[in-house]
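In: my questions concern the predicted model and sequence given below.
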Amino acid sequence: MEIKFAHFSLKKSHRQLLLVVVISLLVLILWLTAHWSRQIALENLQQQNQHQLKLFVANLQGQLEKYEFLPELLATNSLLLNFLQYPNDVNTITALNRYLETINKVANASDTYLMNAEGWTIAASNWLSERPFVGRNFSYRPYFQEAMKGRLGRYFALGSTSNKRGYYFAYPVRDKEKIQGAVVMKIELIGFEESWSSFKEDFVVTDPDGVIVISTNDDWRYKSLYPLDKSVIERIHSSRRYGNAEIGTLAITRKDQISEQAQVVNMGEPRQSDHLMLVQEMPEAGWRVHTFASLGVVNSQVLKSLLFATILYIAIVFLVLYLFQRSRRIKERERFEKRAKQVLERRVKERTADLTEANIRLIREIEEHRRTDETLRQTQDELIQAAKMAALGQMSSGINHELNQPLAAIRSYADNARALLTRNRQEEASWNLEQIAELTERMAKISRQLKVFSRKTSGRIVSVSLQAVIENALKIVGPQLKDTETELRRRLPEEELYVMSDMVQLEQVLVNLITNAVHAVELQAQRWIQIAVSTRQGKAIIEILDNGPGIEQANLERIFDPFFTTKSEDRGLGLGLSISYRIVEMMHGTLTAGNREQGGAVFTLQLDLSSVTENQPRQELLSK
Ligand code: ADP
């Protein structure tokens, strides 16, 4: 038990208290079990013995009743009264003795005899035996005294002559109302004790003094159940009831009184064992009948119950301990799980807080980035504008020259016209005015081109679909291609490509390049231009080819200069390529010109490819 307890984290004092409680409970339960099982076993034993006792008493009663009425019957015989009245009649005596002998034999009694009023035996069945009763006086016997009082005398005693135990029935022989004597029949209960000795219980019959007269245990005969007073012993001796037999004592001690007829007694020396004693009165015979049954069966029953209760109790204690331990473990596990859950929740909270903080930080950063982006874009727009202005600055001397020339011409044409009008030379004056108009038209063109270039575009370099930009540009130059019957060859990849650029400006570049190509092939018999798109090392390569005359080697270095043109004044300003070059430069791309081996020019435009498919500013670009 102690080992079991070691599993529990009970304090030592608690453990000791629990041990005391467990042991006390065990003692209490064992005591109750012993008490109840003894009670039940005793009841069972009592019932069994009661039954045996009844049988015994009925048997004994039956033995006695067989003879009880015989003396009364005999007393009615006139022979007996006659002989009492005339005792000296020799003829009668022999006849009477013979009669009594016959009756005794037929009834299977021990002795049958006739006593006169003084107690002398005057006739007897054993008249011929060695020790006949005739001539003996038994007036001291209570059965005689009872009979002389007119009642049936009953008595159990040891025969004074035969020294054999016998039961005496005596009945008065009356002459009318006067009692003349008594007829006595003695029976022996031979064989009765032996026939009951095979039972495991002891059967005992005591007389009114408590002396055992019949017993299935030979050692107990003529012993009293309880110690007797000296005077009582003396009285028994003097009555010669049991002859010279020593009146001993069993000295049984009463223990538990179970019921009126049943009690537990201790048999005293030498047995010293407890017995269940049952008692039944036989008042007519003046007897008490007892059975003594050993409590061995009760004790073994109690022992069995105790053993069972102990095992059951221990099993219950262990079961309780087991359940207690189990519930403790469950509680511990629940506590552990609860703790783990709390820790988890705390960590989740901490992480959530961290995340929230990080989120807020991110939002702030995004906001900052957005603002930076805004600032950058503005800066970039301004830069682009500044670059354009710088380009215009570079071009300014050329522009100056280009504008001054027609201005000077206009002035001279105007002077001419005025002079011609004063001379009334209308036609010539009109021709001069026409020249002025053409020149102003040319100046307007230059101005328009410059305006387009200097216009503040969105400047947003974003991811745009190359195919879409090409299609837009082709829409613009479509009518031109149609008018000049120039074939357009497209070599575009199937998958959509995205490049980093300003959509409107890229369109403008493409329109410029295609228009130039259309102009170049003008004089060819078979006219075609080709737009080919390919990719290489993260770049989109856009080539505009034509089957025109190509570019003269000497011109190749100059064609990107502002106002360089090989075309007539009304067709080219020489601004297209120089503006296109700068636009592409601003897109971080390159624009180069060359000649194809087979003849014809090739303009190659390289732009950064983008993987971004939406029109969103690219961070890296913005941050450059
Ligand atoms: P413009 O077209 O007004 O002359 P550009 O700057 O566009 O001005 O072109 C400059 C010059 O480059 C042209 O005059 C022409 O000599 C040459 N050039 C441009 N494109 C081609 C081409 N596809 N083939 C041959 N020469 C070309």
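Out: All right, it came through fine.
In: please tell me how far S611 sits from A358.
Out: Using CB to CB, to the nearest Å, S611 is found at 27 Å from A358. Just so you know, the C-beta spots here come from the backbone N, C-alpha and C atoms, and that holds for glycine as well.
In: quick one: which of these two has more around it?
Out: When S611 and A358 are compared for neighbours, A358 comes out ahead with 12 against 8, by other CB atoms under 10 Å.
In: surely S294 touches F199?
Out: No - using CB atoms under 8 Å, S294 makes no contact with F199, being 11.7 Å away.
In: where along the stretch 101-250 of the chain do the strands fall?
Out: In the stretch 101-250 of the chain, the strands defined using DSSP state E, counting those that start in this stretch lie at 111-116, 121-124, 153-158, 165-175, 178-187, 202-206, 212-215, 223-224, 248-249.
In: looking at the protein, which residue is nearest the ligand?
Out: Proximity of the chain to the ligand (CB to the nearest ligand atom) peaks at G572, 2.4 Å away.
In: per-residue confidence for the closest residue to E72 other than its chain neighbours?
Out: Excluding the flanking residues, the one nearest E72 by CB to CB, 6 or more residues apart in numbering is Y171, at 4.7 Å. Looking at Y171, its pLDDT is 95.
In: now do Y171 against A123, distance only.
Out: For Y171 relative to A123 (CB to CB), the value is 15 Å.
In: between those two, point out the one with more neighbours.
Out: A123 (30 against 25).
In: that one touches I93, doesn't it?
Out: Yes - under the contact definition of CB under 8 Å, A123 touches I93, with a separation of 6.3 Å.
In: common neighbours of those two, please.
Out: Shared contacts of A123 and I93 (CB atoms under 8 Å, 6 or more residues apart in numbering): F83.
In: got phi/psi on the nearest residue to R131 once chain neighbours are set aside?
Out: The spatially closest residue to R131, leaving aside those adjacent along the chain, is T161, at 5.2 Å (CB to CB, 6+ apart). The phi and psi values for T161, taken as degrees, to the nearest 10, are phi -100, psi -50.
In: cool, E557 as well?
Out: Torsion angles, degrees, to the nearest 10, at E557: phi -80, psi -20.
In: follow-up on the earlier one: the residue nearest to R131: neighbouring residues, count only.
Out: 16.
In: one more: K178?
Out: K178 has 9 nearby residues by other CB under 10 Å.
In: what's it in contact with, if anything?
Out: For K178, the contact set (CB under 8 Å, 6+ apart) is empty.
In: what pLDDT does it get?
Out: The model's pLDDT for K178 equals 91.
In: name the residues linked to it by a beta bridge.
Out: D175 (DSSP bridges).
In: where does the stretch 401-550 of the chain have low pLDDT?
Out: For the stretch 401-550 of the chain, the stretches with pLDDT under 70 are 449-450, 452-459.
In: still on that earlier bit, the residue nearest to R131 is in contact with F133, isn't it?
Out: Yes - at 6.3 Å, T161 counts as touching F133 under the criterion of CB under 8 Å.
In: what sits against the residue nearest to R558 when sequence neighbours are not counted?
Out: Leaving aside its sequence neighbours, R558 sits nearest to F564 (CB to CB, 6+ apart; 4.8 Å). For F564, the contacting residues are 555, 558, 574, 577-578, by CB under 8 Å, 6+ apart.
In: hang on, F564 is in a strand, isn't it?
Out: No - if the criterion is DSSP: H, G, I helix; E, B strand; the rest coil, then F564 is coil and not within a strand.
In: around the ligand, which positions in the chain sit nearby?
Out: 516-517, 520, 546, 548, 550-551, 555, 559, 564-567, 572-574, 576-578, 601 (CB under 6 Å from any ligand atom).
In: now, these that are in helices?
Out: Counted as lying in helices by DSSP state H, out of the residues of the chain next to the ligand, are 516-517, 520, 555, 576-578.
In: out of those, which is most surrounded?
Out: A517 leads these on contacts (other CB under 10 Å) with 28 neighbours.
In: pretty sure it is touching N547, no?
Out: No - A517 sits out of contact with N547 when judged by CB under 8 Å, with a separation of 9.2 Å.
In: tell me, what's touching the two both at once?
Out: Contact with both A517 and N547 is made by residues I529, according to CB under 8 Å, 6+ apart.
In: for stretch 187-206, buried residues please.
Out: Residues 187-189, 192-193, 196, 201-206 are the ones in stretch 187-206 that count as buried (16 or more other CB atoms under 10 Å).
In: now do the contacts for the residue nearest to the spatial centre of the chain.
Out: Within the chain, one residue has its C-alpha closest to the average C-alpha position: by CA atoms, centre = their mean, that is I330, at 9.4 Å. Neighbouring residues of I330 by CB under 8 Å, 6+ apart: there are none.
In: which helix or strand contains it?
Out: Counting by DSSP states H and E, the element that carries I330 is helix 296-422.
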